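**Q** just to be clear, the model below is a prediction. Sequence and coordinates:
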There are 2 protein chains.
Amino acid sequence: MKLTAALGPASYDVIIKPGTLARVHRLANLRRRVMVVSDDGVPAKYVKALLQQCDEGHSCILPQGEGGKSIESWQAILARMLDAGFDRHDLVVAVGGGVPGDVAGFAAASYMRGIDWLQVPTTTMAQIDASVGGKTAVNLGGTKNVAGAFHQPRLVVADSNTLKTLPPRHMANGLAEALKTALIGDADLFELMEQKDIAQNLERILYLALRYKIGVVERDATEQGERRLLNFGHTIGHGIEAAGGPQGLLHGECVALGMLPMIESKTLLRRTRAVMRKLGLPLKYTADPDTVLHYMQRDKKREGDRYTIVRVKTLGEGALETVTFDELRLLVKGNGG
Amino acid sequence: MKLTAALGPASYDVIIKPGTLARVHRLANLRRRVMVVSDDGVPAKYVKALLQQCDEGHSCILPQGEGGKSIESWQAILARMLDAGFDRHDLVVAVGGGVPGDVAGFAAASYMRGIDWLQVPTTTMAQIDASVGGKTAVNLGGTKNVAGAFHQPRLVVADSNTLKTLPPRHMANGLAEALKTALIGDADLFELMEQKDIAQNLERILYLALRYKIGVVERDATEQGERRLLNFGHTIGHGIEAAGGPQGLLHGECVALGMLPMIESKTLLRRTRAVMRKLGLPLKYTADPDTVLHYMQRDKKREGDRYTIVRVKTLGEGALETVTFDELRLLVKGNGG
């Protein structure tokens, strides 16, 4: 299956196809210096398969997890490219989950003020969400995505074979973003996830989630308006994630937990919990709500004392709403923990 | 005098007016969090004058010189903004020469994936060249501008009163960029600099140099084509600058020296040297040509083994040319030192 993100001169294709990781050279120009960026949790054979397709391939392997999403990682990639003589016409390829994608993408966005990059997501999280949209960033201290850029990749290659070896918890982690998409924009996707076997319908779920996200990104690439809907679950979710620290819950798990207080219909809340249970996502978190609230104050969606949040009244219809911190506190305290 | 850089949604005005530093709040929205970034070589009264115009002003003072143009400086600005609770709607103001402009601009480009910034250049170098065009960057190791972004400011305020206290060497340093502009694109500006009193015609020189640069940036904001003409003198100049280290020549001095081997007419070369002498610019450098060549190999304008350089045959007409490293070596060895 192929989707296209139509973004003018920054347009690109998203290829969803089993086995396509071995065929990236047929889809993109790898006959230049290529820096393959991954992390040490990604099977080494994926990096190797990509390097074999390059004339001059280099690699940079980051530590797995949010800790790898640092300014130090970004700087290490830049230094490696500089040492290897990379110029403005060379290429970065991100292989793995959201973390290598975010860091490698920001390295590509900033190296010599911007060079090409490709995304080869190998987790459900990255295939469903992180690989499309051009958001790149690194963390600073405990705060997520402080430094970054909007920098669209030239191509996204989602090889669903890579998902077969994914631990169940990481599989569910990415599906949380599909569930988010379903709740804010695609009732059919919700019902598919609610009623059908997930494993058997994985490519369809991937396709529908990406199709929705690409549409939103096409209409609002730099998150001035509609794209903010994609932050559904993220305001509280980022707080839960930061409060948990590196040993805490995964990003998608936190997003799912962050969605629950934002669902205004009791029936839909019940149905959403049931899907979360089916996927193997947690239904509560142990972090202290006040700590969660502390980290939420560093949210990028904040404007002065006002927070733009996303709420869902009706299945498939997310809506932006501006609330004060006190109102946000009630939402967190009412449903958290 | 006012010029406008017409860049669609990223358009902005360039105000050239004595005394205007005290009136920035009339020209831009300072009623938000403002991070004023400067360096310790810039008179503190300029930073103070800006902070007085802000409702919530913060400042970050970098060490003067290229050493301040580091990833550490950039990270320090981001951390200060994060601690002060800056959100996406807040503002960065760069005050001083090219270094605070480049670092603060990259901080604005990357903080939460991009926020507004203003340029308040207080040196001839920054007023004539660095403040317009949206190029931002920091150095990595000994290599200039490795990490950066194209991020246009919302406004440029050039208060020519600030040039009155500038040491003569720094005055000449910026005028080197005006001379560069004259050679590649404006014969009238060259003759003005050749024949008239510089101090008495400073605003006119500033205006003509900026007018030319803005035109080029409007036609090619991200340096795909014509904008590369502005790199005249920079290929060899960056090599001289890097070879000299922190105690070496200033950027403009190096650019002027880097232009000389690229001028193909003996008469024009003689006239250019005369203007350089009049401005107080050096006519030779002491760095070892092989060291200069070593650093030139890290040039961003390199594509594999080919270098795009700018040459001038006729006054006011720069032309791009692609040469090999061996050809570049001959140019450096023939004229260097």
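**A** Arrived safely.

**Q** for whatever helix or strand A:Gln119 lives in, name the packing helices and strands.
**A** In the assignment (DSSP states H and E), A:Gln119 maps to strand A:116-121. If you count contacts as 3 or more Cβ pairs under 8 Å, 6 or more residues apart in numbering or on different chains; DSSP states H and E, strand A:116-121 packs onto strand A:91-96, helix A:98-110, strand A:155-158. For the C-beta atoms, the positions are set from N, CA and C on the backbone; glycine is no exception.

**Q** I'd like the average pLDDT over the shortest one.
**A** It stands for strand A:155-158. The average pLDDT within strand A:155-158 is 96.

**Q** helices or strands next to it in the packing?
**A** strand A:12-16, helix A:24-27, strand A:116-121.

**Q** helix or strand right after the strand holding A:Gln119?
**A** helix A:124-125.

**Q** tilt between the helix or strand hosting A:Lys180 and helix A:98-110?
**A** Per DSSP H and E, A:Lys180 falls inside helix A:168-185. Interaxial angle, helix A:168-185 versus helix A:98-110 (axes from the mean of the first three to the mean of the last three Cα atoms, to 10 degrees): 70 degrees.

**Q** buried stuff in helix A:168-185?
**A** Within helix A:168-185, the residues scored as buried using 16 or more other Cβ atoms under 10 Å in any protein chain shown are A:170-185.

**Q** quick revisit: right, so the helices and strands packed on strand A:155-158: which one is the most enclosed?
**A** strand A:116-121 (a mean of 27; mean count of other Cβ atoms under 10 Å in any protein chain shown).

**Q** tell me the neighbouring strands of that strand, and mark each as parallel or antiparallel.
**A** Looking at strand A:116-121 with DSSP bridges, its partner strands are strand A:91-96 (parallel), strand A:155-158 (parallel).

**Q** go through the ones you listed and pick out the most buried.
**A** Note that of the strands paired with strand A:116-121, strand A:91-96 is the most buried (mean count of other Cβ under 10 Å), with a mean of 29.

**Q** now do that strand: everything it contacts.
**A** With contacts defined as Cβ atoms under 8 Å, 6 or more residues apart in numbering or on different chains, strand A:91-96 is touched by A:24, A:28-30, A:32-39, A:41-42, A:46-47, A:50, A:77, A:81, A:100-101, A:103-105, A:107-108, A:111, A:115-123, A:126, A:153.

**Q** pull the residues that contact the helix-or-strand element of chain A with minimal mean pLDDT.
**A** Among the helices and strands of chain A, strand A:302-303 carries the lowest confidence by mean pLDDT, DSSP states H and E, at a mean of 77. Residues outside strand A:302-303 that contact it (Cβ under 8 Å, 6+ apart): B:87-89.

**Q** what about the strand holding A:Gln119, distance to the chain center?
**A** Counting by Cα atoms, centre = their mean, to the nearest Å, strand A:116-121 is centred 13 Å from the centre of its parent chain.

**Q** what's the closest non-adjacent residue to the residue positioned nearest the centre of chain A?
**A** Geometric centre of chain A, nearest residue: A:Ala130, 2.6 Å, by Cα atoms, centre = their mean. Using Cβ to Cβ, 6 or more residues apart in numbering or on different chains and skipping residues adjacent in sequence, the residue nearest A:Ala130 is A:Gly98, 3.7 Å away.
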